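> Here's my sequence, what's the structure:
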Amino acid sequence: MATKSSIEWTESTWNPTTGCDLLSPGCDHCYAERMSLRLRAMGQAKYANGFQLTLHESALELPLTWKKPQRIFVNSMSDLFHHSVPVPFIQRVFATMAKAHWHQFQILTKRSGRLLGLSDELDWPPNAWMGVSVETAEYKSRIDHLRNTGAAIKFLSLEPLLGDLGPLDLDGIDWVIVGGESGPGARPVQPAWIHGIRRQCEQAQVPFFFKQWGGVQKKRAGRTLDGRTYDELPQLLQPREIHTPGGAGDLVTGRFPKSTTPLLVTC
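Numbers count the residues shown, from 1 in each chain. The predicted structure follows:
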């Protein structure tokens, strides 16, 4: 069974690696770190190393066993492009995504420099959505790195949004997610920052997804913006017939674009 997710813009999660390191201000209150330590305290074997980067060989081909087509967030508890994840391991993750063509895979990184540096060494399947996180204007260079990769669908996760990003170059970007920080110590987001991003998305005709206002009580704060929710996804261009393992072909929605040493777990 796939691991169902409560993250608004995806459906399931797949973690061939777990653990990471703090990199930029958006990491300061990392939910994945909190959750990893909690799961270790609960005795979850996969998190025996807490938030130390760990490779999970046994998880590499899990999506091939999930028959229902779905959007899958890759490494919700880690960063696939962490400097300590070996290139051959990353390539094996990409090979699984290509084989599991009936799913859509959403990858997100803050390590855009390594992403760009490895782009030519990866076989980019059309069902892989590649995104970068940008929390303040200081990190907008990540967008340029993303733009120059071979990913079929390129998206931005502007979350946790910690400042006014100013003008954004959305050329070649297929989707934008925006959200405030949530959880203990959450830093407030300003409505003007969000409105500015939404206006730019509208002008560039880029789908806009508003995830949350955030805060310590994010459910109470909600996710409506100006009286409505924004759940837009990358542009749907055409359906495609796919064949899931052990079953007949299903007509499903195909979304296509507009244009530290790690620990190895083997069981």
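> From now on I want contacts and neighbour counts done on CA atoms only, so please keep to that.
OK.
> can you map out the helices along the protein?
Under the criterion DSSP state H, the chain contains helices at 31-41, 87-99, 112-118, 141-147, 191-204, 218-221.
> ok, residues contacting the last one?
Outside helix 218-221, the residues within contact range by C-alpha atoms under 8 Å, 6 or more residues apart in numbering are 182-183, 212-215.
> try 7 Å this time
The list of residues contacting helix 218-221 from outside it, by C-alpha atoms under 7 Å, 6 or more residues apart in numbering, reads 182, 213-214.
> which one of the helices of the chain is the most hemmed in?
With neighbours taken as mean count of other C-alpha atoms under 10 Å, the helices of the chain reach their highest mean count in helix 141-147, at a mean of 20.
> what helices or strands is it leaning on?
The elements that helix 141-147 packs onto, with contact taken as 3 or more C-alpha pairs under 7 Å, 6 or more residues apart in numbering; DSSP states H and E, are helix 112-118, strand 128-133.
> so what pLDDT did Gln44 get?
Taken from the predicted model, the pLDDT recorded for Gln44 is 88.
> Likewise for Ala32?
For Ala32, the predicted pLDDT is 83.
> For the spatially closest residue to Phe51 that is not a sequence neighbour, which residues count as its bridge partners?
Excluding its sequence neighbours, the residue lying closest to Phe51 (C-alpha to C-alpha, 6 or more residues apart in numbering) is Gly19, at 4.1 Å. Listed by DSSP bridges, the beta-bridge partners for Gly19 are Ser78.
> you'd agree Gly19 is up against Ser76?
No. Applying C-alpha atoms under 7 Å as the test, Gly19 and Ser76 come out as separate, 9.8 Å apart.
> Report the set of residues contacting both of those two.
For the pair Gly19 and Ser76, no residue contacts each of them under the criterion C-alpha under 7 Å, 6+ apart.
> Quick one: low-confidence residue ranges for the stretch 101-250 of the chain.
236-250 (pLDDT under 70).
> show me what contacts the residue most central in space within the chain?
The centroid of the chain falls nearest to Leu108 when counting by C-alpha atoms, centre = their mean (3.5 Å). With contacts defined as C-alpha under 7 Å, 6+ apart, Leu108 is in contact with 130-133.
> ok, now Gly179?
Here Gly179 is in contact with 158-161, 210-214 (criterion: C-alpha under 7 Å, 6+ apart).
> What of Arg187?
With contacts defined as C-alpha under 7 Å, 6+ apart, Arg187 is in contact with Glu181.
> can you pull the contacts of Gly222?
Residues in contact with Gly222 (C-alpha under 7 Å, 6+ apart) are 212-213.
> Now do it against Pro184, distance only.
Gly222 sits at a distance of 17 Å from Pro184 (criterion: C-alpha to C-alpha, to the nearest Å).
> Quick check: phi and psi at the spatially closest residue to Gly163 that is not a sequence neighbour.
Spatial nearest neighbour of Gly163, chain neighbours left out: Thr136 (5.2 Å); criterion: C-alpha to C-alpha, 6+ apart. For Thr136, the backbone dihedrals are phi -140, psi 170 (criterion: degrees, to the nearest 10).
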